[in-house]
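*Asks:* let's see this in three dimensions:
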Amino acid sequence: MNNGQHILHEDESAAEAYEALGAGRFAEADLILEQALQQARLTGQAHEIDRALCRRAAAAIEVGKGDHFIKDLREILLRSSSHESCYLAASVLARSYDIKSAYKKALFYARLASGRAQLAGRNDWLATSHNLIGNQLLAESFFEEACREYELALRLAPSEAGTRRAIIKDNLGYCYVVQGRHTEGFRLLVESYRTFRKAGATRYSVGPSLSLAYAYLEMACPEKALRRGRSTLALAECVGDTHAVKNSLYILGEAANLLGDTRLARSYFSRLQQDYYPGAGYLPDFLLAIDVRKLVNLKA
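*Replies:* Purely as a prediction, here's the structure:
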């Protein structure tokens, strides 16, 4: 569900920062965007400074270090007459609250971003906004409504925007799989995963890889789910994506359980309990007794 990267594409330094962020080189991305912000403050006009600040904030928020930018982003919304500045600020605020699971606030800012994109006549911005809106609906398990937002986002997204379209395809593909539209969903997820891998965006490939593991479960292929889940877990650990690590453990435990390997399933569920729910000693037995697929929303 990553969405911060869409802001980091419109000039050379921003594109370099996205490439570094996608590869997990956080310090490098941070340095590039901080230098761009300082340069804008020295030589740029107000809207150029705001744009650099939004990009700086977007990257920081993706790695959990952007809270101190929230006040600046809100100020941009209050004072700026630039559609671009307000669109960017609203998008980054939506992403910030999305990450914090504050979905109502995220939806509010995503709709603000959509309004600015519409006023500016920018279909690429509208695509990102509808993807953000879909994220909030998906997190609340409104799958049909989320699908409509993602389908619209995909129609609006420029054909050359490969990685941005890949983000939407991951979200839409997952929605389709949950709704039983396995063939359509699986195709989109494979396309998303391959796009990120080809671009070297290892961090962003975690999402579709995890969705594919879930899809294999839904398609009654637990052996494939186990293999894909293991590679996703290793990938998520490598890039420090703790949310994906947690969901990988759910999927791995369920896949092992469906294969009849209770010992292996318990080992995954026990790690899940110890690492994420230390006070819930009952959890491994509980998860072994239920259909975990009905319990987990990968995108929440």
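*Asks:* CA only for contacts and neighbour counts going forward, please
*Replies:* Noted.
*Asks:* poorly predicted segments of this protein, please.
*Replies:* 1-13, 22, 24 (pLDDT under 70).
*Asks:* could you rerun that using 90?
*Replies:* 1-40, 42-47, 58-66, 159-161, 200-201, 203, 239, 300 (pLDDT under 90).
*Asks:* helices of the stretch 51-200 of the chain, start to end?
*Replies:* 70-79, 83-99, 103-120, 123-139, 143-156, 162-178, 182-199 (DSSP state H, counting those that start in this stretch).
*Asks:* excluding its backbone neighbours, what's nearest Gly253?
*Replies:* Ala265 (4.2 Å; CA to CA, 6 or more residues apart in numbering).
*Asks:* same question, Ser159
*Replies:* That would be Arg165: by CA to CA, 6+ apart, it lies 7.8 Å from Ser159.
*Asks:* residues in contact with the one you found?
*Replies:* Taking CA atoms under 8 Å, 6 or more residues apart in numbering as the criterion, Arg165 is in contact with 154, 157-159, 192.
*Asks:* if I look at Cys221, how far off is Ala106?
*Replies:* Look at Cys221 and Ala106: by CA to CA, to the nearest Å, they are 35 Å apart.
*Asks:* more neighbours, the two?
*Replies:* The neighbour count for Cys221 versus Ala106, taken as other CA atoms under 10 Å, is higher for Ala106 (26 against 16).
*Asks:* report how many residues lie close to the residue nearest to the more buried one when sequence neighbours are not counted.
*Replies:* Once flanking residues are discounted, Ala106 sits nearest to Ala94: 4.1 Å by CA to CA, 6+ apart. Neighbour count of Ala94, defined by other CA under 10 Å: 31.
*Asks:* what does the one 4 residues further on give?
*Replies:* Burial measure for Asp98: 25 neighbouring residues, criterion other CA under 10 Å.
*Asks:* the residue lying closest to it once chain neighbours are set aside: what's it in contact with?
*Replies:* Ranked by CA to CA, 6+ apart and with sequence neighbours excluded, the top spatial neighbour of Asp98 is Ala106, at 5.4 Å. Ala106 sits next to 93-98, 136 when contact means CA under 8 Å, 6+ apart.
*Asks:* looking at those residues, which is nearest Tyr276?
*Replies:* When the contacts of Ala106 are compared for distance to Tyr276 (CA to CA), Asp98 wins out at 19.9 Å.
*Asks:* from Tyr109, how far out is the closest one?
*Replies:* With CA to CA as the criterion, Asp98 and Tyr109 are 10 Å apart.
*Asks:* now Pro284: which helix or strand?
*Replies:* helix 283-288 (DSSP states H and E).
*Asks:* counting contacts, what elements does that helix pack onto?
*Replies:* helix 262-276 (3 or more CA pairs under 8 Å, 6 or more residues apart in numbering; DSSP states H and E).
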